[in-house]
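Participant: got a structure for you, letters missing:
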């Protein structure tokens, strides 16, 4: 899955939560989360694990094409 598709998925998962709320919960800066959501960066594996845990979704469903 490409960075843009991952970003769209992250925005969809965030829903009505703020970027600040999610960033604080997963331990990244708001600017880092914003870059992930815009498809400018793909999170490192340890961040992928935290995102997956936060949203209670398998890593494969968020970061890899189905």
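Facilitator: Ah, there it is. Everything numeric here is computed off the predicted structure, so don't read it as measured data.

Participant: wait, residue 57 sits on residue 14?
Facilitator: No - with contacts counted by C-beta atoms under 8 Å, residue 57 stays clear of residue 14, the gap being 12.0 Å. C-beta coordinates here come from the backbone N, C-alpha and C atoms, glycine included.

Participant: of those two, who's got more company?
Facilitator: Remark: of residue 57 and residue 14, residue 14 carries more neighbours, 17 against 14, as counted by other C-beta atoms under 10 Å.

Participant: which element is the residue nearest to the more buried one when sequence neighbours are not counted on?
Facilitator: Counting by C-beta to C-beta, 6 or more residues apart in numbering, residue 22 is the residue found nearest to residue 14 once chain neighbours are left out, at 5.5 Å. Assessed by DSSP states H and E, residue 22 sits inside helix 19-26.

Participant: helices and strands around that helix, which ones?
Facilitator: Helix 19-26 sits against helix 30-38, helix 45-55, with contacts defined as 3 or more C-beta pairs under 8 Å, 6 or more residues apart in numbering; DSSP states H and E.

Participant: can you redo the ones you listed as TSV with mean pLDDT and distance to residue 9?
Facilitator: Output for those, formatted as TSV (pLDDT from 0 to 100; distance: least, C-beta to C-beta, whole Å):
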stretch	mean pLDDT	distance to residue 9
helix 30-38	98	9
helix 45-55	97	10
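
Participant: Report how many residues lie close to residue 1.
Facilitator: Each residue near residue 1 was counted by other C-beta under 10 Å, and the total is 14.

Participant: which ones are touching it?
Facilitator: For residue 1, the contact set (C-beta atoms under 8 Å, 6 or more residues apart in numbering) comprises 9, 63, 64, 65.

Participant: Now the buried members of the residues you listed.
Facilitator: 9, 63 (16 or more other C-beta atoms under 10 Å).

Participant: Let me know the closest of the contacts of residue 1 to residue 38.
Facilitator: Of all these, residue 9 has the smallest distance to residue 38: 12.5 Å, by C-beta to C-beta.

Participant: Do I have it right that the closest one meets residue 62?
Facilitator: Yes - using C-beta under 8 Å, residue 9 is in contact with residue 62, at 5.7 Å.
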